[in-house]
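Novice: Provided below for reference: sequence and predicted model.
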Amino acid sequence: MAILRTTLPIIAAVCLFLPSPPFSSAAAAADKSYELATKVCKNTTDFNFCREVVFPDPRAAAADRVDLAYIIFNLTYINSTSTQEYIDREIKSIETSGGGNSGDGGAVLLEGLKKCRGYYKEATRTLLYDMLGDLDSDSYSWFDQASLKVEEQASACELGLRLSRGGSPAMTKRNGDLVKLADICYAVSLLFPYS
């Protein structure tokens, strides 16, 4: 016990003079490593949504503008194609159940979903050719306009479903997510100014 009483103050004194652990510098490095991704997310309409979709990608921490464009353009493309597949399944389900007959709400929903399928095909085409294609070819042009076009397609789908009273919470969420993803694409496009 006597040894503990004499060594404890010495240990405490030594600890005071030791350099602080690298926690603060690690935290600063972590913040700096997401610097560009954070900058992009701050330029969107929904910062938290942007962080939720971009930051989980391991490349995002040290991403340059091209890496970040690949991350978000691919996420948006996956969302668009997934929604297109969802729409196709919904159309098939309505058609096989006979719910697309005139005189019931299924016909209105079916018509709205078919229009949405066209909007999502155009959004997917824009993402694949105008955005990812330009990124692959290093031309880096017109990303801003292509991003707005994708956003317009999702908004047109949502508006059409609402007007026809054929919307569903699942489609509303999918359309909203694509609008937010297109907004992130637009924020990324600002990293590629025209020459």
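Specialist: Cool, got the structure.
Novice: so what secondary structure elements neighbour the longest helix seen in the chain?
Specialist: Longest helix in the chain by number of residues (criterion: DSSP state H): helix 65-97. Counting contacts by 3 or more Cβ pairs under 8 Å, 6 or more residues apart in numbering; DSSP states H and E, helix 65-97 is packed against helix 35-42, helix 47-54, helix 105-125, helix 134-136, helix 143-163, helix 169-189. C-beta: built from backbone N, CA, C; applies to glycine.
Novice: Can you lay out those helices as TSV showing mean pLDDT?
Specialist: Listed next are the helices and strands packed on helix 65-97 as TSV, based on pLDDT from 0 to 100:
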stretch	mean pLDDT
helix 35-42	96
helix 47-54	97
helix 105-125	90
helix 134-136	91
helix 143-163	93
helix 169-189	95
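Novice: closest to residue 74 out of those helices?
Specialist: Closest to residue 74 of the helices and strands packed on helix 65-97, according to Cβ to Cβ: helix 134-136, at 9.6 Å.
Novice: In that closest one, which residues are buried?
Specialist: Of the residues in helix 134-136, 134, 135 count as buried by neighbour count, 16 or more other Cβ atoms under 10 Å.
Novice: ditto for stretch 63-74
Specialist: Result for stretch 63-74 [16+ other Cβ under 10 Å]: buried residues 63, 67, 68, 69, 70, 71, 72, 73.
Novice: ok, these vs residue 189, which is closest?
Specialist: Once Cβ to Cβ is applied, the member of these that ends up nearest residue 189 is residue 69, at 8.0 Å.
Novice: which residues touch that closest one?
Specialist: Going by Cβ atoms under 8 Å, 6 or more residues apart in numbering, residue 69 touches 135, 143, 188, 191, 192.
Novice: Next, count neighbours for the third one.
Specialist: Using other Cβ atoms under 10 Å as the criterion, residue 188 is surrounded by 30 other residues.
Novice: Surely it is in contact with residue 40?
Specialist: Yes - assessed by Cβ atoms under 8 Å, residue 188 is found in contact with residue 40 at 5.6 Å.
Novice: got any residues that touch both of these two?
Specialist: In contact with both residue 188 and residue 40: 68, 72, using Cβ under 8 Å, 6+ apart.
Novice: what mean pLDDT would you report for the longest helix of the chain?
Specialist: For helix 65-97, mean pLDDT rounds to 95.
Novice: Report the distance from that helix to the chain centre.
Specialist: Helix 65-97 has its C-alpha centroid displaced from the chain centroid by 12 Å (Cα atoms, centre = their mean, to the nearest Å).
Novice: Next, the angle from that helix to helix 47-54.
Specialist: If you take axes from the mean of the first three to the mean of the last three Cα atoms, to 10 degrees, helix 65-97 sits at 90 degrees to helix 47-54.
Novice: Between helix 35-42 and helix 65-97, find me the angle.
Specialist: Using the same axes, to 10 degrees: helix 65-97 against helix 35-42 is 50 degrees.
Novice: Determine the number of other residues adjacent to residue 40.
Specialist: Residues near residue 40, counting by other Cβ under 10 Å: 28.
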